[in-house]
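Colleague: Structure of the sequence below:
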Amino acid sequence: MKIGILLTGLLPPEIAERTGEYDALFRDLLDGRGFTFETWRVVDGQFPPGPEAADGWLITGSKHGVYEDHAWLPPLEALIRDIYADGRPLVGVCFGHQVIAQALGGRVEKFDGGWAVGATDYDFAGEPLRIHAWHQDQVITPPDDAEVVAGNPFCRYAALLYGQRAYSVQGHPEFDDAFITDLIEKRGPGVVPDAQLDAARASLGVSLDRARIADQFTRFFHGEEISA
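Modeller: Residues are numbered from 1 along each chain as shown. So this is what the prediction gives:
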């Protein structure tokens, strides 16, 4: 099964030289699950010809806000609506989660409660799953078609399911401890409050449920029910 990755942001060069860009993180997360991948750098204006270019789609995270003025955002939202109408499975993570919601009629804002950074627990229908977070923006109003499948007191709409058409999560299953450490050290200072960066450092080494979310993505791409 071919997954088209829509790359919506670029990492600082000092991080990317070790890890590759965001698409490389997802290739690693979903490695060995029967997928092939092709990346389109939509952040640089590179778009696929249409939904038929892949069997399923995945939208990455980004440093950008979905409400910002970028030339590539309107065509990305149009592509999201085309994929949704075509019925090919679409997965979004962080920025991807937010831009799917916005494209389908939801509302995204910079959350006045501040940042979520580091290992974070989300309630999936009564079962807690823990993955790293790195965001200040949030989905404030989900689209009418969205079912809320995970959240916590800080982030009410942390995972949204749109039938068999789209599934998105706010947290980052593709981030391991080494990657979040890079963000803490290289992207966080002066942006995220120091106390939260310290708390994120203290959370390093706890058990993460990255593989459980990867299992959800795999089932969703194959048209199966997701479950915690």
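Colleague: Next, name the residue at the spatial heart of this protein.
Modeller: In the chain, the centroid-proximal residue (Cα atoms, centre = their mean) is residue 93; its distance is 1.0 Å.
Colleague: That one and residue 57 touch, don't they?
Modeller: No. Between residue 93 and residue 57 there is no contact under Cβ atoms under 8 Å: 11.9 Å. Bear in mind the C-beta positions are built from the backbone N, C-alpha and C, glycine included.
Colleague: List the buried residues for stretch 215-223?
Modeller: 215-218, 220-221 (16 or more other Cβ atoms under 10 Å).
Colleague: mind listing what whichever strand or helix holds residue 161 pairs with, with the direction of each?
Modeller: Secondary structure from DSSP states H and E places residue 161 in strand 159-162. Strand pairing for strand 159-162, determined by DSSP bridges: strand 147-150 (antiparallel), strand 166-169 (antiparallel).
Colleague: quick one: residue 101 and residue 60, what's the gap?
Modeller: 15 Å (Cβ to Cβ, to the nearest Å).
Colleague: and residue 111, what does it touch?
Modeller: For residue 111, the contact set (Cβ atoms under 8 Å, 6 or more residues apart in numbering) comprises 136-138, 140, 155.
Colleague: measure it to residue 184 for me?
Modeller: Between residue 111 and residue 184 the distance is 20 Å, computed by Cβ to Cβ.
Colleague: now the longest helix along the chain: how far from the chain's centre is it?
Modeller: Within the chain, and with DSSP state H defining each element, the longest helix by residue count is helix 73-86. In terms of Cα atoms, centre = their mean, to the nearest Å, the centre of helix 73-86 is set 16 Å apart from its chain centre.
Colleague: about what we covered before: what pLDDT does the model give the residue nearest to the centre of the chain?
Modeller: For residue 93, the model assigns a pLDDT of 98.
Colleague: which residues touch it?
Modeller: Remark: with contacts taken as Cβ under 8 Å, 6+ apart, residue 93 is in contact with 26, 58-61, 168-169, 171-174.
Colleague: again, but for residue 103
Modeller: Contacts of residue 103 (Cβ under 8 Å, 6+ apart): 76-78, 80-81, 84.
Colleague: Narrow the contacts of residue 93 to those in helices?
Modeller: residue 26.
Colleague: Quick one: the contacts of residue 93 as JSON lines, columns for pLDDT and distance to residue 117 too.
Modeller: As requested, those are exported to JSON lines (pLDDT from 0 to 100; distance: Cβ to Cβ, whole Å):
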{"residue": "26", "pLDDT": "98", "distance to residue 117": "20"}
{"residue": "58", "pLDDT": "98", "distance to residue 117": "23"}
{"residue": "59", "pLDDT": "98", "distance to residue 117": "21"}
{"residue": "60", "pLDDT": "98", "distance to residue 117": "18"}
{"residue": "61", "pLDDT": "97", "distance to residue 117": "13"}
{"residue": "168", "pLDDT": "98", "distance to residue 117": "20"}
{"residue": "169", "pLDDT": "98", "distance to residue 117": "16"}
{"residue": "171", "pLDDT": "97", "distance to residue 117": "11"}
{"residue": "172", "pLDDT": "98", "distance to residue 117": "11"}
{"residue": "173", "pLDDT": "98", "distance to residue 117": "16"}
{"residue": "174", "pLDDT": "98", "distance to residue 117": "16"}
